[in-house]
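> Here you go, sequence then predicted model.
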Amino acid sequence: MTRPTARPGFGPPAGQSLEVGVIGNCAYSALIDSRARVVWCCLPRFDGDPVFNALLHPGEEASAWSIELEDFASSKQWYEPNTAVLRTQLFDTAGQCIEITDFAPRFHSRSRYFRPLTMVRRVKPVVGAPRIRVKLAPRFQWGAAPPTITRGSNHIRYVGPEFALRLNTDAPVSHILSHQPFVLSREHNFVLGADETLNDGIADTARHFEQETIAYWRTWSKRLAIPFEYQDAVIRAAITLKLSLYEDTGAIVAAMTTSIPEAPGSQRNWDYRYCWLRDAFFVVRALNSLSEVGTMEDYLRWLSNVVIGSRGEHIQPLYGIGLERELPESFVDGLPGYRGMGPVRVGNQAQEHFQHDVYGNIVLGAAQAFHDHRLLSRAGLAEFPYLEAVGEQAIRVYGTPDAGMWELRTRARVHTSSALMSWAACDRLAKIARTIGLPERAAYWHDHSSRMREEILAKSWCEERQAFAESFGGHELDASILLMVEVGLIDARDPRFISTVDAMEKSLCDGPYMRRYEAADDFGKPETAFNICTFWRIDALAKIGRKAEARQIFETMLAARNPLGLLSEDTHPVTGEMWGNFPQTYSMVGIINAAVRLSAPWDSCI
């Protein structure tokens, strides 16, 4: 519960932080702070125009949607259990209370998932007769264009240059337009979405949408094969990963924000609202481990378009969620940035990079579709040649310099992690070929994987450091080497891997936290810990027999989450504060993987 200094009347909004919740419906998402202020929402897609941009704009010109309580004293916030429906209670200095329910409708209707570009907000008095003020101020074109506003008896239209939003409400329209405080004597409903009239009454629509959305998420969560321990953490992580799916095309975004710095004032501000093939593979793998294969089926639709469209040639490390190849990087001068720490970037130059691990990530992401008998459309002989073309690319780029998985912009090396993923592509193709009855192709891919494995283990080993290095013939350490065990190149009990973990703990770890690499990059040495690396360390420790230490570090990471159970990309090892884009799929994947790895089995307790 937050308890800022109480101010009479209506005080300023809460400061910018990542203590925010996410709502969404696999079509769009919104971030809502601890006082129920909508501070970020891009439309009509994850990578669209932020019609609410207060997360990146600390000034008065920020666009946001607040429902403020007069004489605000404190708040508390939680998700309706096992759902993506967010509830916030605001308390005033006299003990009066209101409750705000926020969600994006999602449920099955008319033989498809109903996921409109609609945000529903329901506010009701809980204690007393408090006064509230509703301030709805969307803006368009990255904050540069205020809307043209028109009104009706129960609606307000906010017309922008490219699209319009309509608020249907049973609250007083005049008070909303004038920001006039009024007594909340009964429940009011706000339905913001496309410029269309509702088929039913406003209250009836909001109530029906809430009931159906809660039922959808509870049914979805009930089907997860979760571990015995850490259940709530796993369910919240799984729901958050599901919300990162853009169901229209099957793409999975790496995060829902842009330009949250990796560290204070670092200029490491990137746009993560796109689909990285690497990140998406880890999301699919984590959800598969919980028996949630529907996301994989959606993602494979998107991935197959990428693979077939490449025609056996170069594949980018990321694409737009609509399969866009060009994602030119630009700056938004009108937005000061998170806590004034610009720049604000749109687009991502990494689409120009050659990151050779991409081919292994494609094969790994698709492999289960050839083996899993639960799928409605299993992959087989018809799909295998396309995946083999990806494998041939993995062979061609193996052992050649690239930007690496950390997307270094000014340095190319033969990165061990990239070679590792080329091996993984060949290894999994051999296994797929055996499954679908192609022994000659299985032998072909096995020969390549065997050759690569021997070379990787030889060329990446640094005798001086007694560790596998980040590049062939290299000397520096990199947390991505821990993936050697994750994808099966080496046994966790191999003395060389154990020695590598020991070396990394001395050079990359700040207590429980782990940085990506030790060498300086384009912006100097990293200041914050990269959360997924900490989770890779947890997994490695568990596999080499140091499970008690792994659990301690995992407990630290669970404590590092925000009050709603969400993580960003990075954690500051001194302050414990979250930095980087949010919510970060990599980090939420780590929660699931660690919980599955460390939990006691169900049959140990029931």
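Received, thanks. What you see is a predicted model; the values in this text were computed from it and never measured.
> Please count neighbours and contacts with C-alpha atoms only from this point.
Will do.
> any idea how far the nearest residue to residue 95 once chain neighbours are set aside lies from residue 184?
Excluding its sequence neighbours, the residue lying closest to residue 95 (CA to CA, 6 or more residues apart in numbering) is residue 127, at 7.5 Å. The gap separating residue 127 from residue 184 is 10 Å, by CA to CA, to the nearest Å.
> Please identify which of these two sits among more neighbours.
residue 184 (20 against 13; other CA atoms under 10 Å).
> Now do the contacts for that one.
124, 125, 129, 130, 131, 132 (CA atoms under 8 Å, 6 or more residues apart in numbering).
> okay, these in CSV with secondary structure, distance to residue 385 and pLDDT next?
Converted to CSV, the contacts of residue 184 look like this (DSSP: H, G, I helix; E, B strand; the rest coil; distance: CA to CA, whole Å; pLDDT from 0 to 100):
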residue, secondary structure, distance to residue 385, pLDDT
124, strand, 58, 98
125, strand, 61, 98
129, coil, 67, 93
130, coil, 66, 97
131, strand, 65, 97
132, strand, 62, 98
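> nearest to residue 492, of those?
The nearest member of these to residue 492, counting by CA to CA, is residue 124 at 54.7 Å.
> shouldn't the closest one be in contact with residue 100?
Yes. At 6.7 Å, residue 124 counts as touching residue 100 under the criterion of CA atoms under 8 Å.
> ok so, going back, and the contacts of residue 184, which are buried?
Buried members of these, scored by 16 or more other CA atoms under 10 Å, are 124, 125, 130, 131, 132.
> Mind listing the residues bridging to the nearest residue to the second one once chain neighbours are set aside?
Spatial nearest neighbour of residue 125, chain neighbours left out: residue 98 (4.4 Å); criterion: CA to CA, 6+ apart. In this structure, residue 98 has the following beta-bridge partners (DSSP bridges): residue 90, residue 125.
> which parts of stretch 88-105 are buried?
Residues of stretch 88-105 classed as buried: 88-92, 96-105 (neighbour count, 16+ other CA under 10 Å).
> Check stretch 26-45 too.
Residues of stretch 26-45 classed as buried: 26-45 (neighbour count, 16+ other CA under 10 Å).
> same thing with stretch 258-266?
Applying 16+ other CA under 10 Å to stretch 258-266 flags 258, 259, 260, 261, 262, 263, 264 as buried.
> give me every residue that touches residue 367.
Neighbours of residue 367 in contact, by CA under 8 Å, 6+ apart: 428, 429, 432.
> who's in contact with the last one?
The one in question is residue 432. By CA under 8 Å, 6+ apart, the neighbours of residue 432 are 367, 370, 371, 442.
> Show me where the stretch 401-550 of the chain dips below the pLDDT cut-off.
409-411, 521-524 (pLDDT under 70).
> any chance you could map the helices in this structure?
If DSSP state H is used as the criterion, the helices of the chain fall at 173-178, 202-222, 231-243, 277-289, 294-310, 358-371, 384-397, 416-435, 439-459, 483-486, 495-507, 531-543, 547-560, 585-598.
> As CSV, these with distance to residue 517 would be great.
Shown next, in CSV, are the helices of the chain (distance: least, CA to CA, whole Å):
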stretch, distance to residue 517
helix 173-178, 51
helix 202-222, 36
helix 231-243, 26
helix 277-289, 18
helix 294-310, 29
helix 358-371, 20
helix 384-397, 23
helix 416-435, 12
helix 439-459, 19
helix 483-486, 14
helix 495-507, 9
helix 531-543, 10
helix 547-560, 19
helix 585-598, 17
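> mind checking which of those helices is nearest residue 137?
Taking CA to CA, helix 173-178 is the member of the helices of the chain nearest to residue 137, at 9.5 Å.
> Pull the residues that contact the closest one.
Taking contacts as CA under 8 Å, 6+ apart, the residues outside helix 173-178 that touch it are 133, 134, 135, 136, 151, 153, 154, 155, 156, 180, 181, 182.
> Okay, buried residues for it please.
173, 176, 177.
> out of those residues, which one sits closest to residue 74?
The closest of the buried residues of helix 173-178, once distances to residue 74 are taken by CA to CA, is residue 176, at 23.3 Å.
> quick one: pLDDT of that closest one?
Residue 176 is assigned a predicted lDDT (pLDDT) of 97.
> Sketch out the low-pLDDT regions of this structure for me.
The chain contains residues with pLDDT under 70 at 1-8, 409-411, 521-524.
> Nearest residue to residue 46 in space, ignoring adjacent ones along the chain?
That would be residue 28: by CA to CA, 6+ apart, it lies 5.5 Å from residue 46.
> For residue 123, see how far away the one you found is.
22 Å.
> same thing with residue 146?
Taking CA to CA, one finds residue 146 at 26 Å from residue 123.
> between those two, who's got more neighbours?
residue 123 (22 against 18).
> still on that earlier bit, just the ones of the buried residues of stretch 26-45 in strands?
29, 30, 31, 32, 33, 38, 39, 40, 41, 42, 43 (DSSP state E).
> still on that earlier bit, wouldn't the residue nearest to residue 46 be in contact with residue 45 here?
Yes. Using CA under 8 Å, residue 28 is in contact with residue 45, at 5.4 Å.
> With adjacent residues omitted, what lies nearest to residue 340?
residue 58 (6.8 Å).
> surely that neighbour meets residue 338?
Yes. Here residue 58 lies in contact with residue 338, judged by CA under 8 Å, at a distance of 7.3 Å.
> Strands of the stretch 1-150 of the chain, start to end?
20-24, 29-33, 38-43, 49-52, 64-69, 72-79, 86-92, 97-103, 107-109, 112-114, 119-127, 131-137, 148-151 (DSSP state E, counting those that start in this stretch).
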